[in-house]
Structures are given as C-alpha cells and as structure tokens.
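> predicted structure and sequence below. I'll ask about it afterward.
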Amino acid sequence: ITKGVDSQVFMKELPRHLQQELAVFLNKKLLETLTAFGECSLPFITALMMRLKAEICLQGDVLCCEGDHGEEMYFIVHGQLVIFKSGVGKVGVLNDGDFFGEGVLVEKNARRNATVKAANVCTLYTLNKVNFQEIQSSYPEDSKVFLNANTKRRAAKTIVKNEDVVPISSKPSFSNRT
C-alpha cells in the first residue's frame, strides 16, 4: 500500500511495462512473505500483482462469513484477522504475509469454511475469481504450481484450541525465478 496514494489509479496512466515493474516493486515485501508464490515464475507473479485490488478494513469488520459464497482470496499486507468456526469459536489468527480463501478461486460454487474478522485496522489485497481465471489461461503451468502449493498448505492446516494460533505460512524461497 502506498501511504494514501491510490497506486491503481496512478498506474493506469503508465505504459504497461512500467505498470508491471511498479506492481512488483510496490508488493516486494508482500511477495517475500507469501509461500503461495514460492515456485511460480516472475511473469505469473507479475500478472497476478497487476490484478490485485487494495482494501482497508477496520477493527471488527467481518471479511467473510462461514457458509457464504466466495469470489475472492485475500492477502494480508498489514494487520491481524481472527478465524472463527461455528460450534468451535476462535480457531486461528492470520497476520502480515498470510493469505486465505484460495479455494474459492478454483472450486465451483465455493462456500467459505470459516468466518474471518479484523482484530485491528488491516491492509489487504484481494484477487477475484475472474481475474485468477484470466491468469490461469495465460500461465497454466504456474497456476498448477500455485494451486498445488496451496492444496498442500490447506491440508497441513489444523484447527486448534481457542487461544492457539494456526500456523499459516512460512518464508518462501525466491531464488531461481525466471
């Protein structure tokens, strides 16, 4: 996020190649923390960064409710979100660099499997299903890598007791990107 400047409006006035370079540069810190992109190519990541939409949510805002239809995934730039499951209560916390909701990008008629609420003011990016499908058609191999990594991540997650934290992500390796 760019300290009050809407980078998406500003970038529309730039040539396409500068838009791409700027999108990657502005999101470098986020990219370094996301395991979702660990093995994906730079062109795929750039295409994805170009389609992210910035959002700010306030403490107490509910981003999604368990059982609701989902259309986008979320990337946390800054802030903390709390995850709740009906009948269980609090099951985890998401922090800077974490993400959630990737299942809705690929599952038809996907429903949210938890309620997510902002614990404080949060800066987020969203990627909607339509934009992800455009990226998939241009980068099918990278899309498979991205989805496989996230399938493994989702399988590794465990629901924990109310005061515990769900370990969601770890630092990716960005070496050997082409």
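Received the coordinates, thanks. What you see is a predicted model, and the numbers here were worked out from it, not measured in a lab.
> low-confidence ranges in this structure?
1-11, 27-38, 150-178 (pLDDT under 70).
> just the strands in it please.
53-57, 62-64, 72-78, 81-85, 89-94, 99-100, 115-118, 122-128 (DSSP state E).
> what packs against the shortest one?
If I follow you right, that is strand 99-100. strand 72-78 (3 or more Cβ pairs under 8 Å, 6 or more residues apart in numbering; DSSP states H and E). Heads up, the C-betas are built off the backbone N, CA and C, glycines and all.
> tell me how many other residues crowd the residue lying closest to Glu39 once chain neighbours are set aside.
Leaving out its chain neighbours, the residue that sits closest to Glu39 by Cβ to Cβ, 6 or more residues apart in numbering is Val145, at 5.0 Å. The tally of other residues near Val145 (other Cβ atoms under 10 Å) stands at 17.
> hang on, Val145 packs against Cys40?
Yes: shown here, Val145 and Cys40 form a contact pair, counting by Cβ atoms under 8 Å, at 5.5 Å.
> give me the neighbour count for Gly67.
11.
> apart from its chain neighbours, what residue comes closest to it?
Counting by Cβ to Cβ, 6+ apart, Gly67 lies nearest to Arg111, which is 5.6 Å off, once chain neighbours are set aside.
> cool, Cys64 as well?
Leaving aside its sequence neighbours, Cys64 sits nearest to Arg112 (Cβ to Cβ, 6+ apart; 4.6 Å).
> for the nearest residue to Asp68 once chain neighbours are set aside, grab phi and psi.
Spatially, and ignoring its direct neighbours in sequence, Asp68 is nearest to Arg112 (4.9 Å; Cβ to Cβ, 6+ apart). Here is the backbone geometry of Arg112 (degrees, to the nearest 10): phi -70, psi 140.
> how much space between Arg112 and Ile135?
Arg112 is 22 Å from Ile135, where distance means Cβ to Cβ, to the nearest Å.
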